[in-house]
Structures are given as structure tokens and as C-alpha cells.
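> Mind looking at a prediction? Sequence and model below.
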Amino acid sequence: MTIAERYNAEAKRLLPHMAADLTVDPTINTANEIDEIVFRRSEYLGGMACAILALIKQQN
């Protein structure tokens, strides 16, 4: 499972009402790329993505 797949699943679980805005291409395999993509959409979403990625990192 790629980090993007885990990220998308966690975004959907934590923020189902914003999942469409936070979702990224599931083939992405670096947290930095996810952060850059979502941050380009908006700083607000980028902050959420950063928090979701931190949660995923803690689960490892």
C-alpha cells in the first residue's frame, strides 16, 4: 500500500466532508509530494494534509 493510499483512507476517515479536497493520486509514494500537491490547493488544506501525514507516521 502506498503512502498516498494510506493518506487518502485516513483523510476520508477523519474528514469525510473534506475528503474530495484532500485526496491525491494513489500512486504517489512520498509524503513530501502529497504535502506539496495539497498545499498548492490551499494553505488550509496543506495544514490538514501535514497533520494527517503526521498521524500516519505515528502509526508506523
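Now that the structure is in, tell me what you want to look at. Just so it is clear, the structure is predicted and the values come from calculations on it, not from any experiment.

> could you pull out the helices for the chain?
Per DSSP state H, the chain carries helices over the ranges 3-14, 19-22, 31-41, 43-59.

> could these go into a markdown table alongside mean pLDDT and mean neighbour count?
C-beta: built from backbone N, CA, C; applies to glycine. Converted to a markdown table, the helices of the chain look like this (pLDDT from 0 to 100; neighbours: other C-beta atoms under 10 Å):
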| stretch | mean pLDDT | mean neighbour count |
| --- | --- | --- |
| helix 3-14 | 97 | 18 |
| helix 19-22 | 96 | 15 |
| helix 31-41 | 96 | 16 |
| helix 43-59 | 96 | 15 |
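
> which residues touch stretch 44-57?
With contacts defined as C-beta atoms under 8 Å, 6 or more residues apart in numbering, stretch 44-57 is touched by 3, 6-7, 10-11, 14-15, 18, 21-22, 31, 34-35, 38-40.

> Check stretch 4-17 too.
Residues outside stretch 4-17 that contact it (C-beta under 8 Å, 6+ apart): 18-19, 22-29, 31, 34, 48-49, 52-53, 55-56.

> In PDB, list the C-alpha atoms belonging to that stretch.
C-alpha atoms of stretch 4-17 as PDB (Å, rounded to 0.1, in the frame of the first residue of the first chain):
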ATOM      1  CA  ALA A   4      -1.000   8.100  -0.800                       C
ATOM      2  CA  GLU A   5      -3.400   5.200  -0.400                       C
ATOM      3  CA  ARG A   6      -3.000   5.300   3.400                       C
ATOM      4  CA  TYR A   7      -3.300   9.100   3.400                       C
ATOM      5  CA  ASN A   8      -6.500   9.100   1.300                       C
ATOM      6  CA  ALA A   9      -8.000   6.500   3.600                       C
ATOM      7  CA  GLU A  10      -7.100   8.400   6.700                       C
ATOM      8  CA  ALA A  11      -8.400  11.700   5.200                       C
ATOM      9  CA  LYS A  12     -11.700  10.000   4.400                       C
ATOM     10  CA  ARG A  13     -11.900   8.500   7.900                       C
ATOM     11  CA  LEU A  14     -11.100  11.700   9.800                       C
ATOM     12  CA  LEU A  15     -12.600  14.300   7.500                       C
ATOM     13  CA  PRO A  16     -15.300  12.700   5.300                       C
ATOM     14  CA  HIS A  17     -16.800  16.100   4.400                       C
END
